[in-house]
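1. sequence-free structure coming up:
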């Protein structure tokens, strides 16, 4: 069964450094998402992406965050200048369509630790 | 705004016991409702869903019924196995535009042999 792949599984970065989290969505999916889960808290929506542009973003997704689909397969989340509070598990997801009936398929996540 | 509340865990059960995890939601109209499961070291997997009132989602022996009158979507399984040990997340997508999942806090379930 096709799956969403995320790399790396664990990223350790110094505060203030840039970090790029990578995702390979399912190949025929058209909608892409990033979520995050701070330890002990709920899974929170960050951003959705379709047709090479952001379709929706949350208040968390400020100017420090950006997303890109640099080629036909990868979908990346960049944090420009990391803060301690960016430490979390980041999940990528993809779906075939933007309807409530189309399930979002999640990757295993990247654990980001900011020192 | 939209929100999901689910019972806090951990829930510890013996094998073959009956499992219920309560989930209630706040949303306008008729959201779509989901249960996701996260096994240790893995990502979130869709377990089941329901998109309108009185729909019953089912998968792998798990069931949940969309109750509009009580704004609930409780997850049940009649006889759990050790392999059901995981974190279970209730979630919704609102009926308005967009496809953003709003999650509950997750409930950790531990099934002992």
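-> Right, received. Where do you want to start? Quantities reported herein were computed from a predicted structural model and do not represent experimental measurements. Numbering: from 1, shown residues only, chains lettered A, B, ... in the order given.
2. how about residue B:12: what's its closest non-neighbour residue?
-> If you skip the residues right next to it in sequence, residue B:12 has residue B:110 as its closest partner in space, 4.8 Å away by Cβ to Cβ, 6 or more residues apart in numbering or on different chains. Bear in mind the C-beta positions are built from the backbone N, C-alpha and C, glycine included.
3. actually residue A:28, sorry about that
-> Among residues not flanking residue A:28 along the chain, residue A:96 sits closest, at 6.6 Å (Cβ to Cβ, 6+ apart).
4. kindly report the same for residue A:113.
-> Spatial nearest neighbour of residue A:113, chain neighbours left out: residue A:12 (4.7 Å); criterion: Cβ to Cβ, 6+ apart.
5. wait, isn't the one you found in contact with residue A:87?
-> No - taking Cβ atoms under 8 Å as the definition, residue A:12 is not a contact partner of residue A:87, at 9.7 Å.
6. burial check on residue A:104, number of neighbours?
-> As a burial measure, the neighbour count of residue A:104 was computed by other Cβ atoms under 10 Å in any protein chain shown and equals 26.
7. wait, a strand at the residue nearest to residue B:12?
-> Yes - when classified by DSSP: H, G, I helix; E, B strand; the rest coil, residue B:110 is found to be part of a strand.
8. for the residue nearest to residue A:28, give me its contacts.
-> Contacts for residue A:96 (Cβ atoms under 8 Å, 6 or more residues apart in numbering or on different chains) come out as A:26, A:28-31, A:102.
9. just residue B:15 next, same as before
-> Applying Cβ under 8 Å, 6+ apart, one finds that residue B:15 lies in contact with B:80-82, B:111-113.
10. relative to chain A, how far out is it?
-> 27 Å (Cβ to the nearest Cβ, to the nearest Å).
11. give me the pLDDT for that residue.
-> Model confidence at residue B:15, given as pLDDT, is 97.
12. not counting sequence-adjacent ones, nearest residue to it?
-> For residue B:15, the spatially nearest residue (Cβ to Cβ, 6+ apart) is residue B:113, at 5.5 Å.
13. quick check: the one you found touching residue B:80?
-> No - taking Cβ under 8 Å as the definition, residue B:113 is not a contact partner of residue B:80, at 11.1 Å.
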